[in-house]
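*Asks:* only geometry, no sequence info:
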């Protein structure tokens, strides 16, 4: 497949840290974490070597450059309620570009910016527990999310998570309610 050398016409300028990324055939930047096969990005496959490199070298999950003090996680609502990300953090501007231009996630996406997080493993899977957010912003299919979209997404995710919480007992249900309530406080205003 031919690889483009210039951004697609009309594509917003990328953050400086992303300008060294390769382009796909459509003229869109390919995140650093994406696996390439025979010169073609496979968006459905994460490059496994990048997970450890991001963690050990404190690199941005999207551009691959060193992280600064603030780290941003791009999350679906279930991950936000659980306060656990399946992906390492990114620079805020890289995560915002990913959410609005690259649109890697469908539906409501939260950008959770924090100063710290804790990597941990379950089996061979690396996860990241986020500390309290310093800032939060919400997107839905590449656009700023409305309060109604965020509230609906939190309600839907909570309804899915409640089944597991009920199996674990009353304390798990209370904890889920507390975390969902905290997330509601971060929803955008009208």
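*Replies:* Received, thanks. For clarity, every value in this text was computed on a predicted model and none was experimentally measured. Numbering: from 1, shown residues only.

*Asks:* if I look at the most centrally placed residue in the chain, how far off is residue 13?
*Replies:* Residue closest to the mean C-alpha point of the chain, counted by C-alpha atoms, centre = their mean, is residue 74 at 1.8 Å. Per C-beta to C-beta, to the nearest Å, residue 74 is found 19 Å from residue 13. Using the backbone N, CA and C atoms, a C-beta is placed for each residue, glycine as well.

*Asks:* circling back: now the residue nearest to the centre of the chain, nearest residue through space, not along the chain?
*Replies:* Spatial nearest neighbour of residue 74, chain neighbours left out: residue 95 (4.7 Å); criterion: C-beta to C-beta, 6 or more residues apart in numbering.

*Asks:* is it fair to say the one you found lies in a helix?
*Replies:* Yes: under DSSP: H, G, I helix; E, B strand; the rest coil, residue 95 falls within a helix.

*Asks:* Around it, count how many other residues there are.
*Replies:* By the measure other C-beta atoms under 10 Å, the count of residues near residue 95 is 28.

*Asks:* Name all residues that make contact with it.
*Replies:* Listed by C-beta atoms under 8 Å, 6 or more residues apart in numbering, the contact set of residue 95 reads 62, 72-74, 111.

*Asks:* And the average pLDDT for the longest helix seen in the chain is what?
*Replies:* Looking across the chain with DSSP state H, the single longest helix is helix 147-168. Regarding helix 147-168, the rounded mean pLDDT is 95.

*Asks:* Give me the below-cutoff pLDDT ranges for this protein.
*Replies:* By pLDDT under 70, the weakly predicted segments of the chain are 1-4.

*Asks:* if we can go back for a sec, among the contacts of residue 95, which are in strands?
*Replies:* Counted as lying in strands by DSSP state E, out of the contacts of residue 95, are 72-74, 111.

*Asks:* quick one on the thing from earlier: if you rank the contacts of residue 95 by neighbours, which is first?
*Replies:* Using other C-beta under 10 Å as the neighbour test, the contacts of residue 95 are led by residue 62, with 32 neighbours.

*Asks:* For that residue, list the residues it contacts.
*Replies:* 18, 31-33, 90-91, 94-95, 97-98.

*Asks:* and if you look at residue 12?
*Replies:* Counted by C-beta under 8 Å, 6+ apart, residue 12 has contacts 97, 100-101.

*Asks:* Could you single out the nearest of the residues you listed to residue 134?
*Replies:* Closest to residue 134 out of these is residue 97 (19.2 Å), distances taken as C-beta to C-beta.

*Asks:* Test my guess that the closest one contacts residue 19.
*Replies:* No: counting by C-beta atoms under 8 Å, residue 19 is not a contact partner of residue 97; they are 11.0 Å apart.

*Asks:* Show me which of these two is the more surrounded one.
*Replies:* More crowded of residue 97 and residue 19, by other C-beta under 10 Å: residue 97, with 22 against 11.
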